[in-house]
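Chemist: predicted model follows, preceded by the sequence.
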Amino acid sequence: MSTRAPARPPKRARAIVGATVGHTIEFFDFTVYGFLAVHIGATFFPSDDPTAELLSSFAVFGLAFLARPLGGFVLGPLADRIGRKRVLVLVLTVMAACSVGIGVLPGYDSWGIAAPLVLVALRTLQGFSAGGEYGSGSAFLLEYAGRNRRAFGISWLTFGTTAGLMLGITVVTALTATLGDDTMAEWGWRIPFLLAAPLAAIALYIRAKLEETPDFQAMSETGTLSRSPGREVLSRGRRLALIIGIGAMHATCFYAVFTYMPTYIGTVNDYGSTFSLISTMCAGAATMVTLPLVATVSDRIGRRPVLLFGSIGFAVIVFPVFSAITLGNPALALLSQLLLGVFTAIYLSASAATMPELFPASIRSSGVSIGFNIPAAVFGGSAPFVATFLIQQTDWTPSPSIYLLLTAICGAVASFLLTGKDLHGDDLVDDEKPATPTTAEEPARVPDPIH
């Protein structure tokens, strides 16, 4: 199979900026719902019991995560057939349109039962869209990155996820401080969703100007695109299992640190919402700084050492950190969340590159979309619920650390099983079995680097 020359640095830089900006807006749209759950619950699920309103709202939040694997199964293979860029434009358009739809959707008082039903449909579409974003984005950046800078290139995708989350927290907090709780409850909560329109327009303009990746263009020209990328991914059970194991820690730790920790610090341990915001913002800043730095190290020494250091280190500190937060010392609580953020970033800096490296270009987007969205839905989306449930059942405040410890062990085991030669400096070709070509030409086979 012929290959194209690597992308030149200016084109590579534009690809990183386009993917990162779009990913930031995508996950701002996806996660801002969680920060406005109280107001959404009151608008669409009115009840005499505020807790029932909140639970209904969070149920819809979780539904979006359950839709992610379906999006991965559909949109991942689509990106392997029609191109990464086209799917990246499509998913951002769907996500933004749904956000604007939520922003203008009449409440239960106006539309009755139709209002929450439409809300459920819009959030399901957002989850479906998010299921195609990560796999397509990671394949896009991997294929634009230089041979020895793949982790650095893909680290900006996770940087964008964190930035989108931080943007959501900042916008909601600023609006609440400016408008007040009553106005936010009445109509102010709609503003962050309506911001999706101008933000997405900018991101879509940038993405539309990007070129398709050199790898995909080469496959298109030589007729070696896979006809059944989803089926081929499912036939590689060992690699799929490795992605699920690595992705379990990837998703769980990220969502625990940035969506559950504010509740654990501010509400469970009574530090207050203002302090939990400051603490989470500091952890987010530390994560965003750490990601590209450690990714550069991973490009030099390999994925496996960084994955093992990140997962084992996280497992060692998670219980002491959760326990330290219960001591009532604000400085210690902030330092604890910051430390969790740093070790999460260490692991993510290598895991984000490892997952797309496990599959050849012909099925790369499918492999990540299918493999990662399963643990993202099962473990990541449920992390806040499981953490709250453990505290309720055990009456032991640091009990969420048990769940995170188990997922860290899962990540460490999967990382350990990455035996054989390291892929971080190798050309990535179809090294297990040939893709189903669209012509009689069949790509060359080389020994499998993962035994």
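Modeler: Great, that's in hand.
Chemist: find the nearest non-adjacent residue to residue 86, please.
Modeler: residue 79 (7.6 Å; Cβ to Cβ, 6 or more residues apart in numbering). Heads up, the C-betas are built off the backbone N, CA and C, glycines and all.
Chemist: then residue 161?
Modeler: residue 27 (5.0 Å).
Chemist: that neighbour - how many residues pack around it?
Modeler: For residue 27, the count of nearby residues is 23 (other Cβ atoms under 10 Å).
Chemist: for the one 4 residues further on, same thing?
Modeler: Residues lying near residue 31 (other Cβ under 10 Å) number 22.
Chemist: check contacts around the residue nearest to residue 161.
Modeler: 130, 133, 160-161, 164-165 (Cβ atoms under 8 Å, 6 or more residues apart in numbering).
Chemist: buried subset of these?
Modeler: 130, 133, 160-161, 164-165 (16 or more other Cβ atoms under 10 Å).
Chemist: for residue 232, pull up the helix or strand it's in.
Modeler: Using DSSP states H and E, the element containing residue 232 is helix 229-235.
Chemist: contact partners of that helix?
Modeler: 73, 76-77, 80-81, 226, 240, 359, 362-363, 365-367, 370-371, 433, 435-436.
Chemist: now do 7 Å
Modeler: By Cβ atoms under 7 Å, 6 or more residues apart in numbering, the surrounding residues in contact with helix 229-235 are 73, 77, 80-81, 226, 240, 359, 362-363, 366-367, 370, 435-436.
Chemist: ditto for stretch 292-302
Modeler: Under Cβ under 7 Å, 6+ apart, the answer for stretch 292-302 is 148-152, 155-156, 159, 306, 345-346, 349-350, 353, 422, 424.
Chemist: how about stretch 376-383?
Modeler: 62, 65-66, 68-69, 247-248, 251-252, 254-256, 260, 407.
Chemist: how far off centre is it?
Modeler: 11 Å (Cα atoms, centre = their mean, to the nearest Å).
Chemist: now swap in stretch 238-257 and tell me
Modeler: 10 Å.
Chemist: buried set for it?
Modeler: 239-240, 242-257.
Chemist: likewise for stretch 56-67?
Modeler: Buried, per 16+ other Cβ under 10 Å, within stretch 56-67: 56-58, 60-65, 67.
Chemist: what do you get for stretch 43-50?
Modeler: 43-45.
Chemist: could these go into CSV alongside distance to residue 294, pLDDT and secondary structure?
Modeler: Compiled in CSV, those are given as follows (distance: Cβ to Cβ, whole Å; pLDDT from 0 to 100; DSSP: H, G, I helix; E, B strand; the rest coil):
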residue, distance to residue 294, pLDDT, secondary structure
43, 42, 91, helix
44, 41, 92, helix
45, 42, 88, coil
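Chemist: pull the helix or strand of the chain with the lowest mean pLDDT out as PDB, backbone CA atoms only.
Modeler: Sorting the helices and strands of the chain by mean pLDDT, DSSP states H and E puts helix 50-66 at the bottom, at a mean of 74. Extracted in PDB, the C-alpha atoms of helix 50-66 (Å, rounded to 0.1, in the frame of the first residue of the first chain):
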ATOM      1  CA  PRO A  50     -36.400  19.000  44.500                       C
ATOM      2  CA  THR A  51     -34.500  15.800  44.900                       C
ATOM      3  CA  ALA A  52     -36.800  14.000  42.400                       C
ATOM      4  CA  GLU A  53     -36.300  16.900  39.900                       C
ATOM      5  CA  LEU A  54     -32.500  16.600  40.200                       C
ATOM      6  CA  LEU A  55     -32.500  12.800  39.900                       C
ATOM      7  CA  SER A  56     -34.600  13.100  36.700                       C
ATOM      8  CA  SER A  57     -32.300  15.600  35.300                       C
ATOM      9  CA  PHE A  58     -29.200  13.500  36.100                       C
ATOM     10  CA  ALA A  59     -30.900  10.500  34.600                       C
ATOM     11  CA  VAL A  60     -31.100  12.300  31.300                       C
ATOM     12  CA  PHE A  61     -27.400  13.300  31.800                       C
ATOM     13  CA  GLY A  62     -26.500   9.600  32.200                       C
ATOM     14  CA  LEU A  63     -28.600   8.700  29.200                       C
ATOM     15  CA  ALA A  64     -26.300  10.700  27.000                       C
ATOM     16  CA  PHE A  65     -23.400   8.500  28.100                       C
ATOM     17  CA  LEU A  66     -25.300   5.300  27.300                       C
END
